[in-house]
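>>> quick check, what structure comes out for this input:
(2 chains)
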2 protein chains.
Amino acid sequence: MRSLLLLTAAALLVGAAPAKKPLTPTDIVAAAPASAWKTIPSDDLLVLDLQSGGRVVVQLAPQFAPVHVANIQALARGKYWDGATIYRVQDAYVAQWGLNESDKPWPAGVTAKPPAEYTRALKGLTVKPLGFADPYAPGAGFVNGWPVAYSPKGGWANLAHCYGAVGVGRNLSPDTGTGGELYAAIAPIRHLDRNIAVIGRVIDGMGNLSSLPRGTEALGFYKDKSSFVPIASIRIASTIPAGERPSYEYLDTASASFANYLRVRANRKDDFYIRPAGGVDLCNVNVPVRKKAS
Amino acid sequence: MRSLLLLTAAALLVGAAPAKKPLTPTDIVAAAPASAWKTIPSDDLLVLDLQSGGRVVVQLAPQFAPVHVANIQALARGKYWDGATIYRVQDAYVAQWGLNESDKPWPAGVTAKPPAEYTRALKGLTVKPLGFADPYAPGAGFVNGWPVAYSPKGGWANLAHCYGAVGVGRNLSPDTGTGGELYAAIAPIRHLDRNIAVIGRVIDGMGNLSSLPRGTEALGFYKDKSSFVPIASIRIASTIPAGERPSYEYLDTASASFANYLRVRANRKDDFYIRPAGGVDLCNVNVPVRKKAS
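Okay, here's the model as predicted:
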C-alpha cells in the first residue's frame, strides 16, 4: 500500500495558504536578513579533501581552544598531514584521522604540549541560553554560533560534543594531544565534554565521514591499512587560491532570527507535527550554516 | 608524532592494580549475574538480511505499539516485504526501508488504519528513573529495557527516538502508517517523540544502516533505483529454523546491575576521564544487549 514517510517534507508538499501556517525552522532561516549572517574567517576553515572526491569542512574555534587551533593551523600550513588517512570509524562514536602513530616531526610553530583547553572562562562570553534543562551541565546555550555548556557558579564554559564536533585525540592525562590526530563525533558524545579539547565542528560534508564503513577492530580501528581512507589534502581555506576558496556564514546566535528559530525548533507544529515537544536538546538545535558565493 | 586517541581504550590498555580502579560501564555489564539478563522473545525479533550479507535485528515493542507491532509481524509472515529495499538515508536523521509507494495489497491480519500509538498510558509501567533532567518530557527513564519519556501529570509514556529507534512512516495526520514503511533513527531525533509510532529499536547491526551512502535527493531519498539497497528477507525470528535462529538478551533495567551501570555512565572516572559529567542523556545510556547462544 502507498505509504511514504514524509517527516520534514510536509511543508514542501502542502503549498496552500502559507500565511496561515505555522513557520518551520527552514522558513525562519530562509527569511533571516543578511545582517543576521556572520562570515566565518578563512583562517578558521580547515578543508579536508578526500582522495575519493568528497570534501569535509571544519570550522575552527580559536575562542575556545587557541593553542590547539594555532597548532592545527601550523600543521596544515606545514603540510604535516601529507599522507594522512581516516583510520578509525567507531559506530555511534567517532571518525578519526591523521598519521596514526607516526614519528614525523612537528612543523615550525607547533606547541608540542599545549595546555588542557577542555574548558575556558565563562567570563567574557555572551551566551544565548537554550532555555531548557541540560543533563550534562548547569547551563547550555550558544556563543557566536557554537553550542556551549557552562556553569555560572564554576565560571567555566565548554564546546559541547554534539554531532560534528571535532576534538583532539590524546593519550591518558596529563597528555592533552597536540592536534595531529583529530576526530569528528558521528553521534552526540557529551560524556567527553570537559575531558578533551574540542577545536571546532564540521559545517559541511559530515555525511562523507558518517557514512564510512565502521572499523571491525576494537574501538572501530580499521583492520587493514588497505581499508584506511586516504586524504588528498588538509588545508586552511586562506591558503587556497581565491577563486577556489570555499566560504561559509552562520546564523548569528545573538540575532532575533536565531531566537525565533530556536523557539520553533522546540515547538514544531507545522503540518506533520501534532504534539510540539516544548523543549529541545542543545545538540538538536543545529546552528544554521550556509555556503557563501566566494 | 605519536599520538593516539584512546577514549574508551584506557581501561583495556592500563592493566595495573585493577582492584583499586573505578569500574567502567563495560566492567559492570561483564560482572552482571545471569539473573539480570532477560531473553527477548523470538516473536519480538525482526531480522532484516541485506543482499550484501549484512544483518540488522530489530527488537519489537508490543507493550508500546501493539497494533503496529502485530501488523509488522503479519507483514513479515505474509512475505509482504519480498523485494523491499532501503530507499532513503538522510544524514543525522533516518534510514528508511519498505516497498516505497507500492500498491501491493496487505496480507491477512493487517489492520490498515491502526490507532495513533504515539504514546501509551503510564499506568501499569514500572519506570526506573534516569535521575537527570530531560529537555523533551517531564520524566525520562527505562521500562523493561526501553528508553522512555513520560509525564506523571499527563499520564502518558512514549518510546524515545534515540539512536536506533525504529518507527512507522506515515503521511500527514490522521494517517498513522500501517507498518509497511519503517525507518531507523541514525541519530537521536527526539523532536519526533509523540508524533509518530515507535515500534522498536535496532539491537544488532546498526552500523549496516548508519554507514550507508546518504541519498542526494530532498530528504535523503536515493536519486536512482540503482542506488536502492536490496533486502534479501525480513523475517520474525520465530519463523527461522531453530538452528539458525538468532537470540538476544538485554540487561534488565530494573536490576541492581543496571542501576550501577547507569550511575557509572553518568559519572565516568576511569583512567581517561578527568571530570565526571554528573549526568547523562537518556539516549546516551544505551541499554546493554548481547547475543545469546541459541
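>>> work out which residue lies at the spatial centre of chain A.
Centroid check for chain A by CA atoms, centre = their mean gives A:Arg201 as the closest residue, at 2.2 Å.
>>> doesn't it belong to a strand?
Yes - judged by DSSP: H, G, I helix; E, B strand; the rest coil, A:Arg201 forms part of a strand.
>>> shouldn't it be in contact with A:Ala160?
No - under the criterion of CB atoms under 8 Å, A:Arg201 lies out of contact with A:Ala160, with a separation of 9.5 Å. Yep, even glycine has a C-beta here, placed from its N, CA and C like the rest.
>>> one step back: look up phi and psi at the residue nearest to the residue nearest to the centre of chain A when sequence neighbours are not counted.
Among residues not flanking A:Arg201 along the chain, A:Gly164 sits closest, at 4.7 Å (CB to CB, 6 or more residues apart in numbering or on different chains). According to degrees, to the nearest 10, the main-chain angles of A:Gly164 amount to phi 100, psi -10.
>>> quick one, what contacts A:Gly164?
Each residue near A:Gly164 by CB atoms under 8 Å, 6 or more residues apart in numbering or on different chains is listed here: A:Ala184, A:Ala185, A:Arg201, A:Val202, A:Ile203, A:Met206.
>>> next: A:Gly278.
Contact partners of A:Gly278, counting by CB under 8 Å, 6+ apart, are A:Ala266, A:Asn267, B:Tyr136.
>>> A:Phe258 versus the nearest residue to the first one once chain neighbours are set aside, what's the distance?
What that stands for is A:Ala266. Nearest in space to A:Ala266, with sequence neighbours left out and distances taken as CB to CB, 6+ apart, is A:Val280 at 4.1 Å. Relative to A:Phe258, A:Val280 is positioned 13 Å away (criterion: CB to CB, to the nearest Å).
>>> same question for A:Pro230.
Taking CB to CB as the measure, A:Pro230 falls 38 Å from A:Phe258.
>>> ends of stretch A:201-213, what's the gap?
Across stretch A:201-213, the terminal residues are separated by 21 Å (CA to CA, to the nearest Å).
>>> now that stretch: buried residues?
Within stretch A:201-213, the residues that count as buried by 16 or more other CB atoms under 10 Å in any protein chain shown are A:Arg201, A:Val202, A:Ile203, A:Asp204, A:Gly205, A:Met206, A:Gly207, A:Asn208, A:Leu209, A:Ser210, A:Ser211, A:Leu212.
>>> quick revisit: who wins for most neighbours among the contacts of A:Gly278?
Of all those, the highest neighbour tally under other CB atoms under 10 Å in any protein chain shown goes to B:Tyr136, namely 25 neighbours.
>>> ok, that residue - contacts?
Each residue near B:Tyr136 by CB under 8 Å, 6+ apart is listed here: A:Ala277, A:Gly278, A:Gly279, A:Val280, A:Asp281, B:Ala149, B:Ala160, B:Arg190, B:His191, B:Asp193.
>>> can you tell me the helix or strand for it?
Under DSSP states H and E, no helix or strand contains B:Tyr136.
>>> just the pLDDT for it.
Per-residue pLDDT puts B:Tyr136 at 97.
>>> A:Val58 too?
Among the per-residue scores, A:Val58 shows a pLDDT of 99.
>>> now it: which helix or strand?
When secondary structure is defined by DSSP H and E, A:Val58 falls within strand A:55-60.
>>> ok, residues contacting that strand?
So strand A:55-60 is contacted by A:40, A:43-50, A:69, A:72-73, A:145, A:166, A:184, A:199-206, A:208-209, A:237, A:246, A:248, A:250, A:289 (CB under 8 Å, 6+ apart).
>>> could you redo the last one with a cut-off of 7 Å?
By CB atoms under 7 Å, 6 or more residues apart in numbering or on different chains, the surrounding residues in contact with strand A:55-60 are A:40, A:44-49, A:69, A:72, A:166, A:199-205, A:208-209, A:246, A:248.
>>> for the contacts of A:Gly278, which one is nearest A:Ala293?
A:Ala266 (32.0 Å; CB to CB).
>>> dump the residue contacts of the closest one.
A:Ala266 sits next to A:Phe132, A:Ala277, A:Gly278, A:Gly279, A:Val280 when contact means CB under 7 Å, 6+ apart.
>>> tell me the pLDDT at it?
Looking at A:Ala266, its pLDDT is 96.
>>> how about the helices in chain A?
Under the criterion DSSP state H, chain A carries helices at the ranges A:10-13, A:25-31, A:66-77, A:206-210, A:256-265.
>>> can you give me the buried ones in the longest one?
By 16+ other CB under 10 Å, the buried positions in helix A:66-77 come out as A:Pro66, A:Val67, A:His68, A:Val69, A:Ala70, A:Asn71, A:Ile72, A:Gln73, A:Ala74, A:Leu75, A:Ala76.
>>> and the residues you listed as TSV, adding distance to chain B and pLDDT?
Compiled in TSV, the buried residues of helix A:66-77 are given as follows (distance: CB to the nearest CB, whole Å; pLDDT from 0 to 100):
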residue	distance to chain B	pLDDT
A:Pro66	19	98
A:Val67	15	98
A:His68	12	98
A:Val69	16	98
A:Ala70	16	98
A:Asn71	11	98
A:Ile72	13	98
A:Gln73	17	98
A:Ala74	13	98
A:Leu75	10	98
A:Ala76	16	98
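>>> closest to B:Trp106 among the residues you listed?
The shortest approach to B:Trp106 among the buried residues of helix A:66-77 belongs to A:Ile72, at 55.7 Å (CB to CB).
>>> ignoring the adjacent residues along the chain, who's closest to that closest one?
Distance criterion CB to CB, 6+ apart; nearest residue to A:Ile72, sequence neighbours excluded, is A:Gly179 at 4.7 Å.
>>> for A:Phe142, same thing?
Closest residue in space to A:Phe142, ignoring its immediate chain neighbours: A:Thr253 at 3.7 Å, by CB to CB, 6+ apart.
>>> quick one: name the residues of the stretch 151-294 of chain A near chain B.
Applying CB under 7 Å from any CB of the partner chain, we find that the stretch 151-294 of chain A lies next to chain B at A:163, A:169-173, A:177-178, A:180-181, A:183, A:187-188, A:190-191, A:193-195, A:206-207, A:210-214, A:219, A:268, A:271-275, A:277, A:279-281, A:284.
>>> just to revisit the earlier point, between the contacts of A:Gly278, which sits nearest A:Lys128?
Nearest member of the contacts of A:Gly278 to A:Lys128, counting by CB to CB, is A:Ala266, at 13.3 Å.
>>> mind checking the backbone torsions on that closest one?
Here is the backbone geometry of A:Ala266 (degrees, to the nearest 10): phi -90, psi -10.
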